[in-house]
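Visitor: The sequence and its predicted three-dimensional model are supplied below.
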Amino acid sequence: MLTGLTGIICAMESELRLYRQALQFQREEKGLLFGSIGPSRVVLGLCGPGKVNAAICAQSLLLLAQPDRVINTGVAGALAPDLHTLDTVIASAVCQHDIDSTALGDEPGLISGIEQVFLPCDPTLQKQLLQAAQELGFPARAGVIASGDQFLADEARKRAIRQLFGADCGEMETGPIGQACFLAGVPFAALRVLSDSGDGSAPMVYRALVERASDLSSRILLQLLS
């Protein structure tokens with residue numbers, strides 16, 4: 001159980017589906033769904049794929065709902081060679097692999113204004129999510145999640161992101177959601193279940209596993225909420 005109000009953001013309907021089913025609905029406000037899941041108060045946001053969509057949704061949720069924490073769940077492509085499909089990565093930190101001002105002497109991924117590459121996630125939430133995954137018997141570990149406006153399906157790009165950022169998985173939303181929460185001073189956490197390997201096989205494997213991976217990611221947070 002989480003006290004206070006928990007904001008949950010997902011990019012796709014498949015990732016939000018189990019939360020909708022579990023939600024004891026109270027009201028909808030500007031696309032956000034308010035209610036409770038078990039004893040926990042929640043607000044659900046469906047952002048759509050990509051960094052801009054994610055940032056807009058996160059900022060709207062922060063301003064309208066004023067949650068005590070925000071948690072992003074969904075699917076991702078594996079970047080670490082020892083991870084497999086349907087494994088879970090719970091973010092220790094997030095970054096954005098497609099920010100590139102290296103021509104000006106900056107390090108890859110440096111967020112202008114914040115002057116950081118990696119934004120840390122809330123350690124208490126990280127520990128709670130890891131425990132929830134373990135209670136369900138899901139293979140999970142803490143690691144860096146890297147975001148960019150790119151569906152990763154190229155071995156060379158996968159290796160480059162892994163080398164530059166030490167990231168365990170890559171996707172398209174977590175980084176900007178984490179940035180919005182960082183700037184607002186709101187605790188943030190994220191978990192991603194791996195739907196593919198981020199290489200040339202990714203499109204085919206993703207289509208086969210996205211629904212299952214989405215459900216697994218939701219079940220971990222539902223375990224904590226309930």
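Guide: Right, received. Where do you want to start? Numbers count the residues shown, from 1 in each chain.

Visitor: rest of the way, CA atoms for contacts and neighbours
Guide: Fine.

Visitor: Which residues are in contact with Ser197?
Guide: 77-79, 84-85 (Cα atoms under 8 Å, 6 or more residues apart in numbering).

Visitor: residues contacting the residue nearest to Ala22 when sequence neighbours are not counted?
Guide: Here the nearest residue to Ala22 in space, its sequence neighbours aside, is Ile37; by Cα to Cα, 6 or more residues apart in numbering that works out to 5.9 Å. Neighbour list for Ile37: 19, 22-24, 222, 225-226 [criterion: Cα under 8 Å, 6+ apart].

Visitor: Just the buried residues out of these, in ChimeraX syntax.
Guide: Selection of buried members from those for ChimeraX, criterion 16 or more other Cα atoms under 10 Å:
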select :19,23,24,222,225
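
Visitor: Give me the neighbour count for Gln150.
Guide: 13 (other Cα atoms under 10 Å).

Visitor: For it, give me its contacts.
Guide: Neighbours of Gln150 in contact, by Cα under 8 Å, 6+ apart: 171-172.

Visitor: make it 10 Å
Guide: 50-51, 97-98, 170-172 (Cα atoms under 10 Å, 6 or more residues apart in numbering).

Visitor: Distance-wise, check it relative to His97.
Guide: In this view, Gln150 and His97 are 10 Å apart by Cα to Cα, to the nearest Å.

Visitor: ok, the helix or strand Ile145 falls within: who's next to it in the sheet?
Guide: Using DSSP states H and E, Ile145 sits in strand 140-147. Strand 140-147 has its sheet partners listed here by DSSP bridges as strand 88-96 (parallel), strand 169-171 (parallel).

Visitor: what comes into contact with the last one?
Guide: To tie it back to what came earlier, the one meant is strand 169-171. Here strand 169-171 has contacts from 49-51, 74-80, 83, 88-91, 94-97, 143-152, 158, 161-162, 192-194, 196-198, using Cα under 10 Å, 6+ apart.

Visitor: on that earlier part again, can you give the distance of the strand holding Ile145 from its chain's centre?
Guide: 9 Å (Cα atoms, centre = their mean, to the nearest Å).

Visitor: next SSE after that strand?
Guide: Once strand 140-147 ends, the next helix or strand along the chain (criterion: DSSP H and E) is helix 155-165.

Visitor: If you count contacts, what does that following helix end up packed against?
Guide: strand 69-78, strand 88-96, strand 140-147, strand 169-171 (3 or more Cα pairs under 10 Å, 6 or more residues apart in numbering; DSSP states H and E).

Visitor: strands paired with the first one, and their directions?
Guide: According to DSSP bridges, strand 69-78 has the following sheet partners: strand 5-10 (parallel), strand 169-171 (antiparallel), strand 188-196 (parallel).

Visitor: Please work out the average pLDDT along it.
Guide: Strand 69-78 carries an average pLDDT of 98.

Visitor: Next step: the contacts of Ile37 restricted to strands.
Guide: Using DSSP state E, the subset of the contacts of Ile37 located in strands is Gln24.

Visitor: Pick out whichever of the contacts of Ile37 sits closest to Thr3.
Guide: Leu225 (9.1 Å; Cα to Cα).

Visitor: Quick check: nearest residue in space to that closest one, chain neighbours excluded?
Guide: Nearest to Leu225 is Met1, by Cα to Cα, 6+ apart, at 4.5 Å.

Visitor: One more: Asp68?
Guide: Leu5 (5.3 Å).

Visitor: For the helix of greatest length in the chain, list the C-alpha coordinates in CSV.
Guide: Longest helix in the chain, counting residues (DSSP state H): helix 202-225. What follows is helix 202-225, C-alpha atoms only, in CSV (Å, rounded to 0.1, in the frame of the first residue of the first chain):
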residue,chain,number,x,y,z
ALA,A,202,12.9,-6.2,-32.0
PRO,A,203,9.9,-5.4,-34.2
MET,A,204,8.8,-9.1,-34.5
VAL,A,205,9.5,-10.0,-30.9
TYR,A,206,7.8,-6.8,-29.6
ARG,A,207,4.6,-7.5,-31.5
ALA,A,208,4.5,-11.0,-30.0
LEU,A,209,5.3,-10.0,-26.4
VAL,A,210,4.1,-6.5,-25.9
GLU,A,211,0.7,-7.4,-24.3
ARG,A,212,2.3,-10.0,-21.9
ALA,A,213,5.1,-7.6,-21.0
SER,A,214,2.6,-4.8,-20.4
ASP,A,215,0.5,-7.0,-18.0
LEU,A,216,3.6,-8.0,-16.1
SER,A,217,4.7,-4.4,-15.6
SER,A,218,1.2,-3.5,-14.3
ARG,A,219,1.0,-6.5,-11.9
ILE,A,220,4.2,-5.4,-10.1
LEU,A,221,2.8,-2.0,-9.2
LEU,A,222,-0.6,-3.5,-8.5
GLN,A,223,1.0,-5.7,-6.0
LEU,A,224,2.5,-2.7,-4.2
LEU,A,225,-0.7,-0.7,-4.4
